[in-house]
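Student: return a 3D structure for these sequence lines:
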Amino acid sequence: MDTTHGADDPAPIIEPPQPESADGASADLPADPELVRATLAERQNQYLRLAADFENFRRRKAQELSDRLRYGSEDAARALLPALDNLRRAVDHAPPGTDDAFLEGVRMTVRQFEDALTSLGVTPIEAIGTRFDPSLHEAVAGVESEEVEHDTVVDELQRGYRLHDRVIRPSMVRVAHPAAPQSSR
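Tutor: Numbers count the residues shown, from 1 in each chain. Here you go, the predicted structure:
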């Protein structure tokens, strides 16, 4: 069998490649133009939904990464707070006659802890004299008072802290509330 083509032989006909769908099968486009438009519109809507889903996914991941960076030191800060509380108690309740140099060394250690926490973005929550806010304060006792118009923090038993805008430990407080009116009998 001769496989060469002579000058008089017609060139072999090569058919153009058919468009393929995503799964590798040949796409069979309908002959009806309305059906083609409907198919295109459907594909366009699928593309738009997929693009919107991807954009939402990208934003969510960016927010998660940002939060991870911003609040990544939260566990370390929480672990340091009890040590700082104990150092403060040691300074506040030092017995009379305690060596001043020793006490000053403990105070300096407290300041170093506070500076380290500040550098991580940890700040104390203001409590005494402010209106009681259950998102910032944890009330452990209440007292009636004629001097306040609304629930007011009068004593802080344990300092609360925030990491940036997130409360990592609420302040443990005592709250004064207005005295109940006397009933006349």
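
Student: what pLDDT does the model give E147?
Tutor: For E147, the pLDDT comes out at 83.

Student: so it, which of the three states?
Tutor: Under DSSP: H, G, I helix; E, B strand; the rest coil, the three-state class of E147 is coil.

Student: need the nearest residue in space to it, chain neighbours excluded.
Tutor: Counting by CB to CB, 6 or more residues apart in numbering, E147 lies nearest to A176, which is 7.4 Å off, once chain neighbours are set aside. All C-beta atoms are positioned from the backbone trio N, CA, C, and that covers glycine.

Student: starting at the chain centroid, how far to the helix or strand that contains V110?
Tutor: Taking DSSP states H and E as the criterion, V110 maps to helix 100-120. How far helix 100-120 lies from its chain's middle: 29 Å, per CA atoms, centre = their mean, to the nearest Å.

Student: and the most centrally placed residue in the chain, which helix or strand is it part of?
Tutor: Among the residues of the chain, D67 comes closest to the average C-alpha position under CA atoms, centre = their mean, at 4.5 Å. Using DSSP H and E, D67 maps to helix 33-70.

Student: do A176 as well
Tutor: Assigned by DSSP H and E, A176 belongs to strand 171-178.

Student: same for that strand, what does it pack against?
Tutor: If contacts are counted by 3 or more CB pairs under 8 Å, 6 or more residues apart in numbering; DSSP states H and E, strand 171-178 sits against strand 137-145, strand 152-158.

Student: by contact count, what packs against the first one?
Tutor: Okay, so that is strand 137-145. Using 3+ CB pairs under 8 Å, 6+ apart, the elements in contact with strand 137-145 are strand 152-158, strand 171-178.

Student: want to throw those strands into JSON lines with mean pLDDT?
Tutor: Formatted as JSON lines, the helices and strands packed on strand 137-145 follow (pLDDT from 0 to 100):
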{"stretch": "strand 152-158", "mean pLDDT": "93"}
{"stretch": "strand 171-178", "mean pLDDT": "93"}
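
Student: can you tell me how far the residue nearest to E147 sits from V148?
Tutor: For A176, the distance to V148 (CB to CB, to the nearest Å) stands at 5 Å.

Student: so what's E146 closest to, chain neighbours aside?
Tutor: Nearest non-adjacent residue to E146, counting by CB to CB, 6+ apart: A179, 5.2 Å away.

Student: mind checking pLDDT for that neighbour?
Tutor: You'll see A179 listed with a pLDDT of 78.

Student: wait, doesn't it sit right on V143?
Tutor: No. Counting by CB atoms under 8 Å, V143 is not a contact partner of A179; they are 9.6 Å apart.

Student: distance of R60 from S66?
Tutor: According to CB to CB, R60 and S66 sit 11 Å apart.

Student: fine by me, thanks again.
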